[in-house]
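Peer 1: got a predicted model here, sequence first, then my questions.
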Amino acid sequence: MTCVVGIEAGAGRVVLGADSASVSGATVLRSATAKAFTAHGIGYACAGSWRLINILRHSFVPPEHPEDCAPDEYLVVHWTAALRAHLTDVGALKKNSEVHGTNGGQALIAYRGGLYMLDSDFQIARDLPGYMAAGAGRDYALGSMATTATLGLSAARRVALALEAAAEHNYAVRGPMVVVEVGA
């Protein structure tokens, strides 16, 4: 349980944010490991699986981006295939009902100015409003992002407010909050 948030900030920038909660049953701990981070020039904000966080941060090396490949295509075809292979190599790929997945983990991905979501079945999605959220506090964060869209606030402030709203209304979202800007 957690809350991660991202927003496309313009000029090739994406702002990601995450809380620090780690939930097991009725126990909520505050992790010293940030769930929002950059690795190999790509920004990540992860929800659900600490194993996925550890792998993206410390061992996964994304493939080169082919020259003639759009960012969406790169993530769907090349990046996802490499991640699947790496998760298999390190024994972290979960098979559930004949579908391989990330063991319940989701990640917001900041790549080349765009914000994408990796779902647990390796689906890559991009939302039209330019912001996304995942985790237990997702709905509160999305509501905050929608209501702050016309207030003239910075992307970082909107992400911080979305995390605060999620923490106010969901027991599984806790600070300290981490906000990371990726790109340009």
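Peer 2: It's in.

Peer 1: residues in contact with the residue of the chain positioned farthest from its centre?
Peer 2: Distance to the chain centre peaks in the chain at Asp68, reaching 25.9 Å (criterion: CA atoms, centre = their mean). With contacts defined as CB atoms under 8 Å, 6 or more residues apart in numbering, Asp68 has no neighbours. Every residue, glycine included, has its C-beta placed from N, CA and C.

Peer 1: now it. Its backbone dihedrals?
Peer 2: Main-chain torsions, Asp68, degrees, to the nearest 10: phi -90, psi 30.

Peer 1: which is the next helix or strand following the least confident helix or strand in the chain by mean pLDDT?
Peer 2: When the helices and strands of the chain are scored by mean pLDDT, DSSP states H and E, strand 99-101 comes last with a mean of 50. Later in the chain than strand 99-101, the nearest helix or strand by DSSP states H and E is strand 106-111.

Peer 1: pairing partners for that following strand, with directions?
Peer 2: The strands that strand 106-111 pairs with in its sheet are strand 42-47 (antiparallel), strand 114-118 (antiparallel) (by DSSP bridges).

Peer 1: show me what the next helix-or-strand element following the last one is packed against.
Peer 2: Going down the chain from strand 114-118, the next helix or strand is strand 124-125, by DSSP H and E. Strand 124-125 sits against strand 114-118, with contacts defined as 3 or more CB pairs under 8 Å, 6 or more residues apart in numbering; DSSP states H and E.

Peer 1: okay, the strands paired with strand 106-111, which one's buried deepest?
Peer 2: strand 42-47 (a mean of 27; mean count of other CB atoms under 10 Å).

Peer 1: and the strands in this structure?
Peer 2: 4-10, 13-18, 21-24, 27-30, 36-39, 42-47, 94-96, 99-101, 106-111, 114-118, 124-125, 131-134, 178-183 (DSSP state E).

Peer 1: need the contact partners of the fourth one.
Peer 2: Residues outside strand 27-30 that contact it (CB under 8 Å, 6+ apart) are 1, 20-23, 171-172, 174-176.

Peer 1: closest one to Gly183 among the strands paired with strand 106-111?
Peer 2: strand 42-47 (7.6 Å; CB to CB).

Peer 1: just the angle for the closest one relative to strand 13-18, thanks.
Peer 2: Orientation check (axes from the mean of the first three to the mean of the last three CA atoms, to 10 degrees): strand 42-47 against strand 13-18 gives 30 degrees.

Peer 1: what angle sits between strand 42-47 and strand 4-10?
Peer 2: Taking the same axes, to 10 degrees, one finds strand 42-47 and strand 4-10 inclined to each other by 150 degrees.

Peer 1: run through the bridge partners of the most centrally placed residue in the chain.
Peer 2: For the chain, Leu108 is the residue whose C-alpha lies nearest the centre (CA atoms, centre = their mean; 2.4 Å). Leu108 has these beta-bridge partners by DSSP bridges: Ala45, Met117.
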